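Visitor: A predicted structure for the sequence below; I have some questions about it.
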Amino acid sequence: MKQLVVISGKGGTGKTSVVAALASVGPKKVLADCDVDAADLHLILSPTILETNDFISGVHPTIDPELCVQCGLCVEHCKFGAISENFSIIPEKCEGCGVCAFVCPAEAVTEHPRNCGKWFKSDTRFGTMIHAALGIGEENSGKLVTTVRNASTAAGEENGAEIVLVDGSPGVGCPVIASLTNADLAVFVAEPTISAVHDLKRVHKLTEHFKIPSMTIINKCGINEDQENEIKRFCLEKEILIVGELPYDMGFTKAQLAGLSAVEFDPDGLGKNIKSIWEKMEKNF
């Protein structure tokens, strides 16, 4: 079973639209949406949720007003301003560091497992999908991504899937590194803009560091010829295969509004282009 991760280095390049399109072609797959901070693959795939699981990470303290002597040591030592004037925890500011419990002379602070979000196992028209939603203001998105990746691998083995297709997180931080764990191939979705080209180079350094083979899809072709040429020059220099070029086409937007992949919405236009890209990827994968 191959692990294929689609990343971009920045948001807004069309990565999720490309993943949805690739999901609708080729062999049996398990899908994983690892953009847990702002997941949106479900908007196209309309999953039917089969399992809902809590994501527990870190601790959340509470202060017992019956035991609290209001000495102020917790307020003094909390570097996040997470304790109010009446000595209660402000959840959205608390980092779960535990210093309040450590310094409390009355042992009025207790720590509880922190529910930071949920992850789901769902069924879609293209196969099993593992996805998640990090709670508002919660941390540990990298750990949640790891949970999604592990669950998608397990689902692939259970279902006899040939491919785990991962919609990776934008950027180059911890969630992206977690998305790339055990990847056999990274596919860059690059748009011809200055910021996207800059971030393409950054994310390539990441995959190069982890020795993960990579390919590139140029999306939104036609909006800036100079930047398209810069992407091609960079890929040629770094020996990155360009497996396809997708035009700037309102068909992607119309497909999203219809809740369809570009292949389903425009099978004779964008659909043929996506199928050609998949065939080229398979040939070199």
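Guide: It's in.
Visitor: ok, for Met129, nearest residue in space, not its chain neighbours?
Guide: In this structure, Met129 finds its nearest non-sequential neighbour in Leu31, 4.2 Å apart by CB to CB, 6 or more residues apart in numbering. For glycine as for every other residue, the C-beta is placed from the backbone atoms N, C-alpha and C.
Visitor: where along this protein do the strands fall?
Guide: For the chain, applying DSSP state E gives strands covering 2-7, 29-33, 48-63, 109-124, 127-134, 163-167, 185-190, 214-221, 241-247.
Visitor: now the fifth one: mean pLDDT?
Guide: This means strand 127-134. The average of the pLDDT scores along strand 127-134 is 95.
Visitor: Parallel or antiparallel, which strands does that strand pair with?
Guide: Strand 127-134 has the following strand partners under DSSP bridges: strand 29-33 (parallel), strand 109-124 (antiparallel).
Visitor: Of the ones you listed, give the one that comes closest to Cys100.
Guide: Nearest of these to Cys100, taken as CB to CB: strand 109-124 at 4.9 Å.
Visitor: got JSON lines for the strands paired with strand 127-134, with mean pLDDT too?
Guide: Formatted as JSON lines, those follow (pLDDT from 0 to 100):
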{"stretch": "strand 29-33", "mean pLDDT": "96"}
{"stretch": "strand 109-124", "mean pLDDT": "95"}
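Visitor: which residue is nearest the middle of this protein?
Guide: In the chain, the C-alpha nearest the mean C-alpha coordinate belongs to Asp35, at 2.1 Å (CA atoms, centre = their mean).
Visitor: For that residue, give me the pLDDT.
Guide: pLDDT, Asp35: 91.
Visitor: if I pick the residue lying closest to it once chain neighbours are set aside, what's in contact with it?
Guide: Of all residues not flanking Asp35 in the chain, Ser169 sits nearest, at 4.9 Å (CB to CB, 6+ apart). Residues near Ser169 by CB atoms under 8 Å, 6 or more residues apart in numbering: Ile7, Cys34, Asp35, Val36, Asp37, Ser141, Val145, Pro175, Val176, Ala178, Ser179.
Visitor: Can you verify my assumption that Val75 contacts Asn86?
Guide: No. Counting by CB atoms under 8 Å, Val75 does not reach Asn86; the two are 10.6 Å apart.
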